[in-house]
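**Q** Predicted coordinates and the sequence they were generated for:
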Amino acid sequence: MRKDTAHHFLRAALIAKNQDKPDRPTNSGKTAYQIGGEVLKLIRSYGTAGRGTATVEPAGAPVPAHCAAAQLLPLWPGRGSPGRP
């Protein structure tokens with residue numbers, strides 16, 4: 001994964017970097033990325049009876065302005081896609 005792509009996912013708390021060794025340098029060949037635990041729970045809930053109650057706790061970091069519009073879209077549209085009736 002390229003660094004310039006990964007930072008978007010890191011800022012949105014969708015992935016975590018170097019959970020096994022947080023002090024590992026960014027330029028290390030052993031840098032590892034993983035899906036965040038809360039996001040993984042949410043993904044696994046897709047298609048289950050509890051999917052409507054699944055939520056992701058805020059990561060604590062401020063949401064960048066360019067991500068604010070994404071928060072308005074329904075997580076499980078149910079009827080069509082966002083922007084369609």
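**A** In hand now; what should we look at? Numbers count the residues shown, from 1 in each chain.
**Q** This structure: helices as residue ranges?
**A** For the chain, the helices defined by DSSP state H occupy 3-11, 37-45.
**Q** in the first one, what counts as buried?
**A** Spelled out, it's helix 3-11. 6, 9, 10 (16 or more other CB atoms under 10 Å). C-beta here means a position set from N, CA and C on the backbone, and glycine is covered the same way.
**Q** isn't the last one right next to residue 26, touching?
**A** I take that to be residue 10. No - look at residue 10 against residue 26 with CB atoms under 8 Å: they stay out of range, at 10.6 Å.
**Q** Give the residues shared as contacts by those two.
**A** Residues touching both residue 10 and residue 26 (CB atoms under 8 Å, 6 or more residues apart in numbering): residue 17.
**Q** roughly how far apart are residue 36 and residue 5?
**A** Look at residue 36 and residue 5: by CB to CB, to the nearest Å, they are 16 Å apart.
**Q** For this protein, give me the ranges with low pLDDT.
**A** Within the chain, the segments meeting pLDDT under 70 span 1, 3, 50-85.
**Q** which residues of it fall in strands?
**A** Counting by DSSP state E, the segments of the chain that form strands are 15-17, 33-35.
**Q** Of the ones you listed, flag the one that's most buried.
**A** Mean neighbours per residue, mean count of other CB atoms under 10 Å, is largest over the strands of the chain for strand 15-17, with a mean of 18.
**Q** Thanks again, I'm all set now.
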